[in-house]
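> Model the following, please.
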Amino acid sequence: MKIRSYYLLAAALSGSLASLPATAHAAVITGVTVTDSATAFSPDYSADKAVDGDTSDYASQNQGADTFLQFAFPGARQVNRVVVMNRDSPAEADWIGNFTLTFDGGLSTSIARTAIRGGSAIISLGGTYTATGVRLDVDTTGSAGPGGNTGAQEVFFLSPMTDKVAVSGVTVAGSATPFSADYAAAGALDGIVGRSQGAGVTPEYASAGLGVDAYVDFNLGAILPVGGFDLFDRPAGADRVSAFDLIFSVNSVFGDGDDTTLSFNGTGMATSGEFASIQAQYVRYDVTAKSGAGVNTGLSEIVFYAAIPEPSSAAVSLAALAGLGLRRRRRR
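Below is the predicted model:
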């Protein structure tokens, strides 16, 4: 069931939308390190480049489908999604296609996907795995041919947010002028983290040299108790955002007195945040500071989370009455 439908049903039963305190840890797992890998092409393409939060990448030495990476988390973590950004290389044999994740040397899951240059979808694992580390084994590359300096530009692991659900059906309501059609704001909602390659592959929004004046307005589709987000910045370090505001509003007009503003610092390419739920239908991502020399600030992807409402007494009563009615009809 889509998140908007769930809340509309809850509102119909209870007359209001419940808001739960934000108690979960941020979804993007930080402090991940690489402890082992297939032989790197050279020291400039070492395995630690896959978790350095930048466009530098890990490349194996012609290992192709024999490429692997072993990751360690800073303690036991729950994992339910992964982002495996391919190298920004024109050679398809350098890209990771299908791969297998093995957690703590035990449970494993295999992922089938279409390889793309310089990017990755946010991939659901179909379940939640608790582990202190994971091994990624490449099963196929982006090319049917042998070999390839296969590797990754960046790998992110994500945890579920307790008592929160990702909001589906979010749309762009407006934005600062994009750099070009290949960097339109819709790229921030296409489910892909990575670099725009033109020709319709536009997984990032970039403003037209606007620096701290860049912004994007998002429509959640209904008033929801928003309590968290995951944000992936543009991969290019020169255009990296170091601080931003999220401005929440029940309507599409910002600055009319009903806004709630929260400020965040960028912590690399991926940033998660959670907070006490705010009732809003519209959210503005507003750049307030940048760390690089570039001015085409923006973002690659954003996911919003809404708190799951507890069943109200009215909803429980209605459910109990409905069950009682069914029992009475059966007795007759």
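> Which residue lies closest in space to Ser56, excluding its sequence neighbours?
Nearest non-adjacent residue to Ser56, counting by CB to CB, 6 or more residues apart in numbering: Lys49, 4.6 Å away. In this view, the C-beta of every residue, glycine as well, is placed from N, C-alpha and C.
> what's near enough to touch the one you found?
Applying CB atoms under 8 Å, 6 or more residues apart in numbering to Lys49 gives the contacts Ser56, Asp57, Tyr58, Gln153.
> Same check on Ser46?
By CB under 8 Å, 6+ apart, the contact list for Ser46 reads Ala40, Tyr58.
> Secondary structure class of the residue nearest to Ser56, three-state.
Under DSSP: H, G, I helix; E, B strand; the rest coil, Lys49 falls in the helix class.
> Show me the strands in the stretch 151-300 of the chain, by range?
Secondary structure of the stretch 151-300 of the chain (DSSP state E, counting those that start in this stretch): strands located at 151-158, 164-166, 171-175, 192-194, 205-206, 215-232, 241-249, 260-265, 270-290, 298-299.
> Kindly reformat these as TSV containing mean neighbour count and mean pLDDT.
Formatted as TSV, the strands of the stretch 151-300 of the chain follow (neighbours: other CB atoms under 10 Å; pLDDT from 0 to 100):
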stretch	mean neighbour count	mean pLDDT
strand 151-158	26	97
strand 164-166	20	93
strand 171-175	16	98
strand 192-194	27	94
strand 205-206	28	96
strand 215-232	22	97
strand 241-249	21	97
strand 260-265	14	96
strand 270-290	20	96
strand 298-299	27	97
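> could I get the ones you listed as CSV with distance to Ser124?
What follows is those, written out as CSV (distance: least, CB to CB, whole Å):
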stretch, distance to Ser124
strand 151-158, 10
strand 164-166, 10
strand 171-175, 21
strand 192-194, 14
strand 205-206, 23
strand 215-232, 13
strand 241-249, 24
strand 260-265, 25
strand 270-290, 17
strand 298-299, 21
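> Out of the ones you listed, the one nearest Ala91 is which?
strand 151-158 (11.2 Å; CB to CB).
> Only C-alpha atoms, please: export the closest one in CSV.
This file holds the C-alpha atoms of strand 151-158, laid out as CSV (Å, rounded to 0.1, in the frame of the first residue of the first chain):
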residue,chain,number,x,y,z
GLY,A,151,35.1,-1.7,-9.7
ALA,A,152,33.0,1.0,-8.1
GLN,A,153,33.0,4.7,-7.7
GLU,A,154,31.1,4.6,-4.4
VAL,A,155,29.2,2.0,-2.3
PHE,A,156,26.6,3.0,0.3
PHE,A,157,24.7,0.7,2.7
LEU,A,158,21.4,1.8,4.2
